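Participant: Okay, here's the prediction I keep looking at, along with the sequence it came from:
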Amino acid sequence: MSSNTPRRPVRDLRFFLTVPHACSYLPGREATTLFLDPLESPVPGVYDSLALLGFRRSGRHLYRPHCEGCNACRSVRIPVEQFEANRTQRKILRRNADINIRVMPAHFVSTHYTLYADYIRQRHADGDMYPPSREQYRTFLTLDEPYAHLMEMYLDGELVGVAAFDQLEHGLSAIYTFFAVNEALDKRSLGTFAILRLIELSQEKALPHLYLGYWIEECRKMRYKQAFTPLEILDGRHWRQLIR
């Protein structure tokens, strides 16, 4: 995105709150989500500004948690020039040196959906995205905007993973990653590999950050994000380094 894109002040935007619903991450809790007015398209400038305030994108919607009495969901990002892969991450990069990467616009591709549907059935049959459908996939991960991209991962010419990400003016934003699930590929840690490649892509594009979405200390599924250090956390309106 160009830094010359005109910005519309955040105070001029309209937002809506959802009704309280069951939290997807912490059992027994209710969640409320703050959404940008659906009539407001997530255009450059608006999206850049809201991302700095902890908003994420799902399809055409920009949102962030807004739960009364709970601040468990914390926005995190990696300052990519300070990142140094640890021993485990270096092994993952070497293990996947034979995977070819290709970046494309976030358009619908049937082979992507087939891989996604199998991933959801095998890894997230107890989650909100089960059962998968083509419409659900299109709504979630495809978008005809210049900032929306898909990173394909190929092994011996076969698609084994896809990572959706956005390019903002101040970094890349990792949206969602899905990959083939089988015993041989499980050893490759493709989810971690995708993040490592997005860090490299951010560095190549001279973008300062990779946004990883929300980190919840109490949620086991979110703990993998702590392995990427240093990690910055959004504290109010300011980003600070998370010291662990």
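Facilitator: Done, it's in.

Participant: what ranges do the strands span in this protein?
Facilitator: Remark: strands assigned in the chain by DSSP state E are 15-17, 21-22, 30-31, 33-36, 56-58, 61-65, 74-79, 99-105, 148-155, 158-168, 171-179, 209-215, 231-235, 238-242.

Participant: which residues of the chain score low on pLDDT?
Facilitator: The model of the chain has pLDDT under 70 over residues 1-9, 41, 243-244.

Participant: 80 instead, please
Facilitator: Applying pLDDT under 80 to the chain flags the ranges 1-11, 41-44, 243-244.

Participant: what residues are up against the residue most central in space within the chain?
Facilitator: Nearest to the geometric centre of the chain sits residue 175, at 2.4 Å (Cα atoms, centre = their mean). Shown in contact with residue 175 (Cβ atoms under 8 Å, 6 or more residues apart in numbering): 56-58, 141, 163-166, 213. Glycine gets a C-beta too; all of them are placed from N, C-alpha and C.

Participant: Serialize the strands of the chain to TSV and add fields for distance to residue 86.
Facilitator: Shown next, in TSV, are the strands of the chain (distance: least, Cβ to Cβ, whole Å):
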stretch	distance to residue 86
strand 15-17	39
strand 21-22	35
strand 30-31	32
strand 33-36	34
strand 56-58	26
strand 61-65	29
strand 74-79	13
strand 99-105	20
strand 148-155	21
strand 158-168	20
strand 171-179	19
strand 209-215	16
strand 231-235	13
strand 238-242	16
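
Participant: still on that earlier bit, which among the contacts of residue 175 gets closest to residue 127?
Facilitator: Top of the list for closeness to residue 127, among the contacts of residue 175 and by Cβ to Cβ, is residue 58 at 14.2 Å.

Participant: Just give the number of residues close to that closest one.
Facilitator: Neighbours of residue 58 under the rule other Cβ atoms under 10 Å: 16.

Participant: now do the one 3 residues further on
Facilitator: Residue neighbour count, defined by other Cβ under 10 Å, stands at 17 for residue 61.

Participant: ok, of the contacts of residue 175, which one's closest to residue 64?
Facilitator: Using Cβ to Cβ, the contacts of residue 175 come closest to residue 64 at residue 56, 6.5 Å.

Participant: Distance check, the closest residue to that closest one other than its chain neighbours against residue 157.
Facilitator: Nearest residue to residue 56, sequence neighbours excluded (Cβ to Cβ, 6 or more residues apart in numbering): residue 213, at 5.7 Å. From residue 213 across to residue 157, the span is 31 Å (Cβ to Cβ, to the nearest Å).

Participant: Ok, which of the strands of the chain comes nearest residue 133?
Facilitator: The nearest among those, by Cβ to Cβ, is strand 171-179 at 14.5 Å.

Participant: tilt between the closest one and strand 209-215?
Facilitator: Strand 171-179 runs at 60 degrees relative to strand 209-215, counting by axes from the mean of the first three to the mean of the last three Cα atoms, to 10 degrees.

Participant: tell me the angle strand 171-179 makes with strand 158-168.
Facilitator: Inter-element angle recorded for strand 171-179 and strand 158-168: 160 degrees (by the same axes, to 10 degrees).
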